[in-house]
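> I would like the atomic coordinates for the input below:
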Amino acid sequence: MTGNLGYIGPVLCRALLKDDHEVVGLDSGLYAKYATGPFPKVDQIIGDIRSATDVRTAVRGCDAVIHLAGMSNDPLGELDPQITKDVNFRATMRLADVVGGRPFIFYSSASVYGANQEPCSEDSALNPLSLYAEMKAAVEEGLSGRPRTLVLRNGTVHGPSDNLRCDLLVNAMVASAVTSKEVVLTADPRTMRPVVDVRDLATVTSGLLGMGTSGTFNVASENVSVGEVAEIVAQETGARMVNRYVRADPRNYSVNTTRLRALAPWPWYPISIGESIDDLVDLYHDIGLTENDVKSLRFHRLRQHRS
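Just a heads-up that it's a prediction; the model follows:
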């Protein structure tokens, strides 16, 4: 697994280990120092996915590869366009070449849909509106027709992790509510997003890997508006809503998950956004999250890279 020391990686590693998989991790370790809990014990390689040597070392002897590493959201992708292209596209395609005929799971993003009025199926036209989304779409095109390839178009991820992020929609709102007693709206409340708890994403990924599934799947538990998320966070935490919406985010999309739900052989009962919010509140209290933490670079990927 590439990127195993990031936000999703530790949760996915635990799911894979629970399902009796052995895990080899390739990660630069860039975010490891910000972890709030112990990482799962795996065969860890500290390296760079842009390095052919590191990649060959990591995948040697592996039966399958799950690719998480990369510039990890739309704002981060704009920070240094050249690095985004090198890491998110060129390095990913080289990795796929090294993997060869083995199963390859690529974490794409529902952000490739850009702006759509109706829930998008996997057959909907792509409309990437950021460099991050463009690179995801470009990799998908590059992998098209490749056997034993699974592409997961994940919704906005939320929920607890051993390497926490407070710069994602739900996580950020809950962090603000817990530390400042305010739920801050910075986007048009009508903006739609598909969301998925990181633990559900891990369950789905491990389950599909075990089935040997190929193809493209939307992964989300529900579609919600930014305003609905804010209202739920306010209800769950008792914080007040504050509107600091300045400009519209052109991205506005929801997804259809019929294909995934029809295939899932396991009893998948997605974690509700309310339950995820409650778990985040408990985690934030447990680690003693402060307003200074939220404003610092500790849990904010863009600030970490800028530093």
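> and the residue sitting nearest the centre point of the chain, bridged to which residues?
Taking Cα atoms, centre = their mean as the criterion, residue 157 is the residue nearest the geometric centre of the chain, at 5.0 Å. Counting by DSSP bridges, residue 157 forms beta bridges with residue 196.
> give the contact list for it.
7, 8, 168, 195, 196, 197, 198, 201 (Cβ atoms under 8 Å, 6 or more residues apart in numbering). Where C-beta positions appear, they are placed from N, C-alpha and C, glycine not excepted.
> isn't residue 150 right up against residue 219?
No. Using Cβ atoms under 8 Å, residue 150 makes no contact with residue 219, being 10.7 Å away.
> tabulate the contacts of residue 157 (a markdown table), appending pLDDT, distance to residue 133 and neighbour count.
Compiled in a markdown table, the contacts of residue 157 are given as follows (pLDDT from 0 to 100; distance: Cβ to Cβ, whole Å; neighbours: other Cβ atoms under 10 Å):
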| residue | pLDDT | distance to residue 133 | neighbour count |
| --- | --- | --- | --- |
| 7 | 96 | 18 | 25 |
| 8 | 97 | 18 | 24 |
| 168 | 92 | 16 | 23 |
| 195 | 97 | 17 | 24 |
| 196 | 97 | 17 | 27 |
| 197 | 98 | 22 | 25 |
| 198 | 98 | 20 | 25 |
| 201 | 97 | 18 | 25 |
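> which parts of the stretch 151-300 of the chain are strands?
Using DSSP state E, counting those that start in this stretch, the strands assigned to the stretch 151-300 of the chain run over residues 156-158, 182-185, 192-197, 215-219, 222-225, 240-243.
> hang on, I meant the stretch 1-150 of the chain
Applying DSSP E, counting those that start in this stretch to the stretch 1-150 of the chain gives strands spanning 24-27, 43-46, 65-67, 104-109, 149-154.
> pLDDT (mean, whole number) over the shortest one?
In this case it means strand 65-67. Per-residue pLDDT values over strand 65-67 give a mean of 98.
> helices or strands up against it?
helix 92-99, strand 104-109 (3 or more Cβ pairs under 8 Å, 6 or more residues apart in numbering; DSSP states H and E).
> pull out the buried positions in it.
Neighbour counts using 16 or more other Cβ atoms under 10 Å place 65, 66, 67 of strand 65-67 among the buried residues.
> give me the contact list for that strand.
With Cβ under 8 Å, 6+ apart as the criterion, strand 65-67 contacts 1-3, 12, 59, 92, 95-96, 99, 102-107, 205, 209.
> ok so, going back, from the contacts of residue 157, pick the one nearest residue 138.
residue 8 (21.2 Å; Cβ to Cβ).
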